[in-house]
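# starting from these lines, generate the structure:
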Amino acid sequence: MLCYPVNLSKDPATGAVVVEFPDIPFAHSVGEDEAEALLNATDALATAFEVFEERREPIPTPSSPRKAQPVVVLPVVMAGKVALYNALLTNDKRKADLARMLNLAPTLVDRLLSLRHKSRIEQIETALAVLGKRLVVDVREAV
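Take a look at the predicted model:
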């Protein structure tokens, strides 16, 4: 699983809780309280990841959180899509290459890589497999 550590602070002017990601300095989130700010943080990460994709740069893997530091855990499908995108770059492949490897229409590969499109995890696993990767899911204590 991808668990991105965050730093939380209060905006003195508004009292809102601000979320910052040490691994992705331009990604920020805000909420009226900590729970809302952390909930909004997943969307902030998705937006930041789209910037990396537009630049054709790898999406950074999360650093290890400090003791008791809050984290944002990516949903499994989103984590799989991040892994798939990074695997494409690592293998020096493009979306069109993946479409040919999977015998899919390019628009279906676009959807498979889109962080905002719902995909089945099995589809992501299949795409990772053709790139020589395997998706592994981890279970941790809830905090």
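
# which other helices and strands contact the worst-scoring helix or strand of the chain on mean pLDDT?
Sorting the helices and strands of the chain by mean pLDDT, DSSP states H and E puts strand 71-73 at the bottom, at a mean of 92. Judged by 3 or more CB pairs under 8 Å, 6 or more residues apart in numbering; DSSP states H and E, strand 71-73 is in contact with strand 3-5, helix 34-55. All C-beta atoms are positioned from the backbone trio N, CA, C, and that covers glycine.

# would you give the sheet partners of that strand, along with the direction of each?
Sheet pairing here is set by DSSP bridges, and for strand 71-73 it gives strand 3-5 (antiparallel).

# which strands or helices does the top strand by length along the chain pack on?
Using DSSP state E, we find that the single longest strand of the chain is strand 24-31. Under the contact criterion of 3+ CB pairs under 8 Å, 6+ apart, strand 24-31 touches strand 17-21, helix 34-55.

# which element follows the least confident helix or strand of the chain toward the C-terminus?
helix 76-90 (DSSP states H and E).

# what about that next one, distance to the chain center?
8 Å (CA atoms, centre = their mean, to the nearest Å).

# quick one: average pLDDT of it?
Average pLDDT, helix 76-90: 96.

# quick thing: my sequence starts at 38, can you match it?
Sure, I'll start counting at 38 from here, so that last one is helix 113-127.

# packing partners for it?
helix 71-92, helix 132-139, helix 143-150, helix 158-167.

# pipe those into JSON lines and attach mean neighbour count per row.
Formatted as JSON lines, those follow (neighbours: other CB atoms under 10 Å):
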{"stretch": "helix 71-92", "mean neighbour count": "17"}
{"stretch": "helix 132-139", "mean neighbour count": "16"}
{"stretch": "helix 143-150", "mean neighbour count": "16"}
{"stretch": "helix 158-167", "mean neighbour count": "16"}
